[in-house]
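Take this sequence and fold it.
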Amino acid sequence: MAFSYTEQQQSAIEVRNRNVLVSAAAGSGKTAVLVERVIQMILNREISIDELLVVTFTRAAAAEMRERISDALSQALHSLYRPELREQLVLLPSADITTIHAFCLKVIRENYSLLGLEPDFRIADETEIELLAEEAMAELLEAEYQRAEPEFLHLVRSFMTGTSDQPVEDAIRRIDAAAQGMAKPEEWLDLAVAGLAADSPEELEQSFFWPVLWQEIAEKLKWAVREQQFLSELATDQETEAFAEQAAYFGELLARAEALAENRDYDGLSRLLKEYAAPVMPRARKGIEAETLAEMKQRIENLRSVFVDLQPYLQNTWEENREITQRMQRLVKELCRLTLAYEALLRDKKQKKQIIDFNDIEHMALRLLRAEDGGRTEIAERYCGKYKEVIIDEYQDTSEVQDALLELAGGEPERPNRFMVGDIKQSIYKFRQAKPEIFQQKYLSYGGLDTSYAKIDMQTNFRSRQEVLKLVNYIFRSIMTRQAAGIDYDDRAKFIFPQPAELGESYRPQLILIEKESYQSEEESAVREELEAEAAAQEIAELLSSGKMIYDKKRGDWRKIEAEDIAVLMRSPGNALPIYIETFLRWGIPVLAEEGKAYFMTSEIRTLTDFLKTLDNPRDDLALLGVLCSAIFEFEPEDLARVRAAAEAEEFLFDALSRYRQDFSRRGEWPAEIWAERAVLFSEETLAKVDYFLTEFRVLKDEAYLLTLGQLFDRLLERTDYAALLAGMPNGKQRGLNVQAFQEQLALWERQEGGGLIRFLQRLGKIKSLNLSFGQPVMETGKAVRIMSIHKSKGLEFPVVLLTQLGKGFNFRDVSSPVVLREAGGILVSDIDYQSRVVREGFQKPLLKMLLRREILEEEQRLLYVALTRAREYLYLIGTVSSAEKVLQRWQEKNVTAGGYQIDGFAGDFCSREYLLAARSYLDFLMPAALRAEEYGLLALRWLKREEAESERVEAEEAAAEETAGGDLADRPESAAAKSGTKSEASAEKSGMESEVPVAKNGAESGASSEKSGTESDALAERLREAEQMPAAAIPFYPEYPYPEFIKEKITTSASEQKGAFVPEGEAVTFSGGSQGAQRGTAYHKVLALLPFALEAERLPEFLRELAAKGLLADMERDFIEVKVLENVLRSDLWQRMRTAAERGRLKREQPFILGQPLISGDVTEQRMLQGVIDVFFEENGELVLVDYKTDRLGGDDGEFKRVLRERYAGQMEVYKRALESSTGLPVREVWLYGISRDMTVLM
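Numbers count the residues shown, from 1 in each chain. Below you'll find the predicted structure:
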């Protein structure tokens, strides 16, 4: 053995004749143990290498294991006289050391005829399957519309938004994806329908959700009782008498609730919650310590939140739940029928093309191995007899289908032979149907080594230095609990250090928090990414220049940090990736980013696709703009502004270019007065660029009619000398590899599909719209910083790790979907009255959403664990927050449970279940423990203000500019534009990264060239300002436009009752003036938008006078306001909830939005943009509550008033809800109308 194994490792190597589960923590040497186990079995003549089935998670892991076994066998062959080992080396290349998909594919290829496949079947890529799926869905819906069965039409009417049936299609696709992850898809769909049987109240009580409901209620009441006891213990003297009264009130309320819950009296508990009224927060009295006061208020807020959280489960009577469930079953049954029909159509299409996908591979293999009675087929018996042991790596990420497959290929119960290795803390593939519950069930049921089902814990970490491990231990001991994460980070889970001390300089992991203002739009979200990219780049630059040392395992010695030692990890690179690449290149940091879809967004590929679009349609202004601003033609904003200012108002950009060349080429013929007027728009450099572009365009356009698509693309690269151009840019080799990958995929498409430029661009547009990949670029190898997702980092290790995006919100989109899915719990939808658009939810859907949200949070904890444990030497954590004061207040609140823990000699507190289940980002997980860890010296916390970050960015850019000026690019090949006499080579680097430039505005801001006189500069600036004010050119909408299919329709309103409502085509709607009712609504909305939440009722008159004095409230508007009405608002329960949320920084008022809405006219479907303003929304426990004020004065009783409001505003509130969920990624749990005239809240 190369080194001494730990006792646990030795047990894993030596144990035999058992089913063994090894829980191997990160860095615990599991691969070395697996290899040594295999070698020992071979050396002891227990097994031959071809009698093993070793299943790994990735091909790279399989290749590594095969290589390690080969090295060990070769070494044994030379050190021992064992001639039979030569045979093992011969057998090794064909041994079944493979991935699960490769094993399944082997089973299929050996038995393909039994599946109706031809020998030449192939595995299709994601893009091909997705496009086939689109075709299958279109055919299915078209056929269903033609049949027009009542159940189908009822489903469509219930689900459609406006006139779009896209939600139906989305629901079918989601249900099919979930079903295909099950071992028995059709059986799961049948159970989903059967699980909603509710012919009687008793039958409903037999459902999966009945015990879940009471367990959740019990958990919440148990926590509330503890909070009430804490409040009672704090409020014990005269100064806190008002708080003691509230403690007594909640104590009595909780006692009643517990008694009802113990008897499972649903209707009784529902009535109690409807009677509940949140008491007003007591006013502080002198003599109460500030800390005590803050804690008492926090406890009251916690108690209030419990009753708010319970409301969704108990909002109906039990009989109403039964009726809702029956209607829900009708919808789910039809959805399941359509799902099966869709899957059959898709399967038929794949059969005709003789292709299969990854889901097919597993299910086809399962069909071959499992008999109808659930036992083994003859084929399975053959494999079972062949393999003496089945070794499964990364077992925590096994799906139900995969586990069934491997069990069928393994030994009999009387011959246990499965050796499973994994770590449930690293299960991060739920989206691939991984079931960590499989691992957990075995871990809890398996016993010691003296049983047939044994488990072994391997905790010693040989990867990371102690400073990293101590921080990981401290953080996860606080947050990874059974109540919030499904597992306990206890003494069996924590890391053990192999050495008493680490070599090397003293070090503390770094936590860098960037404070910025609150951003909402996509552009502002990009600013957050830019700030974090800048911070990461600065840390990397300092590391590379600092001379810090790391231990090189291969060399067995210390050396300086190099770029290849560093990895930047993030939860979802996506659109952030180009930002990081550009930022790092600007800092002079070499970078590699392995992301198939992201390479599609790089400037070098966008330039080429834009050029192809321009050749097809030169009046596609957005594509043309990308071409002109690229490194090929190097147009600057000043050039574009001159061209646009010299053009006719309504001209396309291409026509403007032609006009510019035509006019200024004949400038010598102009009369002096015309030249005097237009000279300011002329530039020799601009004219040269225009002439060069139009010449190249004409040559390629003419050849496009004669060449194949592949030949045209090759000609484009040749004419523009694109390879040489890219070679001279930063990261030039990788850019060239990206273009090569795109070229290969284009050629492949041309061979398989056929067709020319137009058809290719249509397919490309489809691929982009579906967010699919178009081939995978080969990654350059070499000394560069790696950027990758946490998922892709799994199984890897790096000397230096920077984890960013810590403040980015978790994605709860599945929770907010109209269709909620879970293996246990089935398929749930809302009860939708498509005529009134009133949506009702039974008690089941909120419960299932709660369970899903918990599973998401559990996996996010595991992802965080994986990210932190990739670091060997140095760990940097980077996140962005909107306000340091607000977030620190939230993180420092009493968010802990009773008792605490000791780990590695440090004391800590467990975060409460309620706090962890309300987490919205990694920072929420990290910070309560991190703040304490900083006190112990386990972590260094640094705050970076936005101004500091931007200052550092400017300094970096200036430094880079000086470097460029010093001649770093002197050897770079000339750009094509430079050959034409345009401008310096240095600008190509900049232009290559910036392909979208606002024309007139940026041109105006840039001003004229410094070479021009002051008069000329002023004249040019004036003309550019004129150009900026010109009517927009008559540009059609193109695919690159962010919302290309939308027809923008403005809805002009004040703050009146109908803002954002549906407006049918042809109906003019204006509310800017209007009746007294509208003016009254405007006045109230204005006041409520400005009304401070902490304002006392007696100060209302004074507040209104202040608004009038500041000109914020007109005299006429003041006349509409009744103080009594506002007093009622301040005393309402809803206002108290809003106040609580506002104090926590979780509320927004007057939030504008834009939402696309389909519009069908005849056979044409278009989109329009709906704009509106949401009065109020706030967040409670990770879900949103939406509030809209209404001033309608209606007759009738209270019941009639509520009914009319619901019917009148159902459509509007549905739009608001969709807009809010789309923009935030959080589910909207409640929608409230506040009927101001009646002081009445209406839950939609």
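
From here on, just use CA atoms for contacts and neighbour counts.
Noted.

count of neighbours near residue 814?
The number of residues packed near residue 814 is 18, by other CA atoms under 10 Å.

if I pick it, what's in contact with it?
Contacts for residue 814 (CA atoms under 8 Å, 6 or more residues apart in numbering) come out as residue 820.

quick one, phi psi at it?
phi -60, psi -30 (degrees, to the nearest 10).

Residue numbering should commence at 171 henceforth.
From this message on, residue numbering opens at 171, which makes the last subject residue 984.

what pLDDT does the closest residue to residue 273 other than its chain neighbours get?
Spatial nearest neighbour of residue 273, excluding adjacent residues (CA to CA, 6 or more residues apart in numbering): residue 266 at 7.5 Å. In this model, residue 266 is scored at 94, pLDDT.

tally of neighbours for residue 266?
Residue 266 has 22 nearby residues by other CA under 10 Å.

looking at the sheet around it, what are its partners?
residue 223 (DSSP bridges).

Looks like it contacts residue 232 (just checking).
No - checked against CA atoms under 8 Å, the pair residue 266 and residue 232 is beyond contact range at 9.5 Å.

Overlap in contacts, these two.
residue 225.

gap between residue 1296 and residue 1251?
As judged by CA to CA, to the nearest Å, residue 1296 and residue 1251 stand 13 Å apart.

repeat for residue 761
56 Å.

again with residue 1057
Distance from residue 1057 to residue 1251, by CA to CA: 35 Å.

again with residue 851
Taking CA to CA, one finds residue 851 at 52 Å from residue 1251.

Please tell me I have it right and residue 976 contacts residue 1046.
No - if you go by CA under 8 Å, residue 976 and residue 1046 don't touch, sitting 11.1 Å apart.

Now do the longest helix seen in the chain: which elements does it pack against?
Criterion DSSP state H: the longest helix present in the chain is helix 488-523. Helix 488-523 sits against helix 296-317, helix 320-329, helix 336-350, helix 355-364, helix 371-374, strand 996-998, strand 1001-1003, with contacts defined as 3 or more CA pairs under 8 Å, 6 or more residues apart in numbering; DSSP states H and E.

Could you point out the helix or strand that follows it?
Later in the chain than helix 488-523, the nearest helix or strand by DSSP states H and E is strand 525-526.

and that following strand, what does it pack onto?
strand 292-293.

Could you pull up the mean pLDDT of the strand it packs on?
88.

Okay, now the sheet partners of that strand, with direction.
Here strand 292-293 is paired, per DSSP bridges, with strand 525-526 (parallel).

report the angle between the axes of the helix or strand following the strand it pairs with and helix 488-523?
Beyond strand 525-526 on the C-terminal side, the first helix or strand identified by DSSP H and E is helix 528-539. Between helix 528-539 and helix 488-523, the angle comes out at 90 degrees (axes from the mean of the first three to the mean of the last three CA atoms, to 10 degrees).

With only the CA atoms kept, save the very next helix or strand once past helix 528-539 in PDB.
Sequence-wise, the next helix or strand downstream of helix 528-539 (DSSP H and E) is helix 548-556. The C-alpha trace of helix 548-556 is given here as PDB (Å, rounded to 0.1, in the frame of the first residue of the first chain):
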ATOM      1  CA  GLU A 548     -33.700 -14.500 -18.200                       C
ATOM      2  CA  ILE A 549     -31.500 -11.600 -19.400                       C
ATOM      3  CA  ALA A 550     -31.200 -10.200 -15.900                       C
ATOM      4  CA  GLU A 551     -30.400 -13.700 -14.500                       C
ATOM      5  CA  ARG A 552     -27.500 -13.900 -17.000                       C
ATOM      6  CA  TYR A 553     -26.000 -10.600 -15.800                       C
ATOM      7  CA  CYS A 554     -26.700 -11.600 -12.200                       C
ATOM      8  CA  GLY A 555     -24.800 -14.800 -12.600                       C
ATOM      9  CA  LYS A 556     -21.900 -13.000 -14.300                       C
END
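
Ramachandran coordinates for residue 1060?
The phi and psi values for residue 1060, taken as degrees, to the nearest 10, are phi -70, psi -40.

wait, I meant residue 683
According to degrees, to the nearest 10, residue 683 has phi -110, psi 130.

gap between it and residue 1052?
On the measure of CA to CA, residue 683 and residue 1052 end up 10 Å apart.

Okay, helices next: where are they in the stretch 871-1020 of the chain?
In the stretch 871-1020 of the chain, the segments counted as helices under DSSP state H, counting those that start in this stretch are 879-890, 892-897, 902-922, 927-939, 960-963, 983-986, 1014-1038.

circling back: which one's more surrounded, residue 1296 and residue 1251?
residue 1251 (23 against 19).

moving C-terminal of the strand or helix carrying that one, what's the next helix or strand?
Using DSSP H and E, residue 1251 falls within helix 1246-1260. Per DSSP H and E, the first helix or strand lying C-terminal to helix 1246-1260 is helix 1270-1279.

That next one packs against which elements?
Helix 1270-1279 packs on helix 1285-1290, helix 1293-1301, going by 3+ CA pairs under 8 Å, 6+ apart.

Could you rerun that using 10 Å?
helix 1246-1260, helix 1285-1290, helix 1293-1301 (3 or more CA pairs under 10 Å, 6 or more residues apart in numbering; DSSP states H and E).

And the most centrally placed residue in the chain, how far from residue 226?
Closest to where the C-alpha atoms of the chain average out (CA atoms, centre = their mean) is residue 981, at 4.9 Å. To residue 226, residue 981 is 29 Å away according to CA to CA.

before we move on, what about residue 881?
Relative to residue 226, and taking CA to CA, residue 881 is found at 42 Å.

More neighbours: which of these two?
Comparing residue 881 with residue 226 by other CA under 10 Å, the one with more neighbours is residue 226, at 22 against 14.

confidence score at that one?
As predicted, residue 226 sits at a pLDDT of 92.

what are the phi and psi angles of it?
phi -110, psi 170.

low pLDDT regions in the stretch 1221-1370 of the chain?
Scanning the stretch 1221-1370 of the chain for pLDDT under 70 picks out 1221-1249, 1280-1281, 1285-1286, 1323-1341, 1365.

ok, residue 825 - contacts?
788-789, 813-814, 817-818 (CA atoms under 10 Å, 6 or more residues apart in numbering).

Let me see the domain layout of this protein.
The chain breaks down by automatic domain parsing into domains covering 177-291+526-630, 293-351+490-523, 373-485, 680-764+952-1116, 768-948+1170-1199, 1216-1413.

Wait, a helix at residue 1390?
Yes - assessed with DSSP: H, G, I helix; E, B strand; the rest coil, residue 1390 lies in a helix.
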